[in-house]
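A.B. asks: A predicted structure for the sequence below; I have some questions about it.
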Amino acid sequence: MSVNISENQWNEAIAQSEADPDLIYAKSVFFNQSEQEILKRFQINFIERTDELRFMPANLLMACLPYFVRFIVTCRHDEFDKPGIADCFLSLLEGKLSDETVNTIELLHQSGEALLFISSRLDEFNTDPDIYGDLQPRLHHLITLR
């Protein structure tokens, strides 16, 4: 899997964002990097990666979102990080759906594997309701939109 976004597309997005620092940094994380390197960057700080995805324009987000899905589904996570990972992912999807900046069908299609993965292991990901709230209703809502 590789990000099919050219350097020109990155540079155009950065210029249109008036050189948003998050987008500039996101380019260094996602552009011209191997899947292994990108997944390692998610493991180091999934919160920062989520913020970078949150502020990307739709074309960049849709090209980079599969790495977040792969991170959730294929990487081992510390039990203390699982609720935060799920909350970041669900919040990203909820935010993008509410601001209507991406194609809803495409977003939910690309997210489906991770949503089902979290759902099937909800007892592992929903361990901090005092911090993140109950993830089950949010997850159920997103899955039913698919």
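C.D. replies: Alright, I've got the coordinates. Numbering: from 1, shown residues only.

A.B. asks: Nearest residue to residue 139 in space, please, no chain neighbours.
C.D. replies: Leaving out its chain neighbours, the residue that sits closest to residue 139 by C-beta to C-beta, 6 or more residues apart in numbering is residue 119, at 5.6 Å. Every C-beta, even on glycine, is put in place using the N, C-alpha and C of the backbone.

A.B. asks: same deal with residue 131?
C.D. replies: residue 83 (6.9 Å).

A.B. asks: Now for residue 134: which residues touch it?
C.D. replies: Contacts here follow C-beta atoms under 8 Å, 6 or more residues apart in numbering; on that basis residue 134 touches residue 126.

A.B. asks: What ranges in this protein fall below the confidence cut-off?
C.D. replies: 1-3 (pLDDT under 70).

A.B. asks: still on that earlier bit, next, the contact list for the residue nearest to residue 139, please.
C.D. replies: The contact partners of residue 119, taken as C-beta under 8 Å, 6+ apart, are 139-140, 143.

A.B. asks: Which strands and helices lie in contact with the helix or strand encompassing residue 27?
C.D. replies: Assessed by DSSP states H and E, residue 27 sits inside helix 21-30. Helices and strands touching helix 21-30, by 3 or more C-beta pairs under 8 Å, 6 or more residues apart in numbering; DSSP states H and E, are helix 7-16, helix 35-44, helix 46-54, helix 58-74.

A.B. asks: what comes up buried for the shortest one?
C.D. replies: Judged by neighbour count using 16 or more other C-beta atoms under 10 Å, the buried positions of helix 46-54 are 46, 48-54.

A.B. asks: Which of the helices and strands packed on helix 21-30 sits closest to residue 133?
C.D. replies: helix 46-54 (16.7 Å; C-beta to C-beta).

A.B. asks: can you state the direction angle for that closest one and helix 58-74?
C.D. replies: Computed by axes from the mean of the first three to the mean of the last three C-alpha atoms, to 10 degrees, the angle separating helix 46-54 from helix 58-74 equals 150 degrees.

A.B. asks: who touches helix 46-54?
C.D. replies: With C-beta under 8 Å, 6+ apart as the test, helix 46-54 has contacts from 22-23, 25-26, 29-30, 41-42, 61, 64-65, 68, 71, 81, 84-85, 88-89, 91-92, 95-96.

A.B. asks: Which members of those are classed as buried?
C.D. replies: For the contacts of helix 46-54, buried by 16+ other C-beta under 10 Å: 23, 26, 29-30, 41-42, 61, 64-65, 68, 71, 84-85, 88-89, 92, 96.
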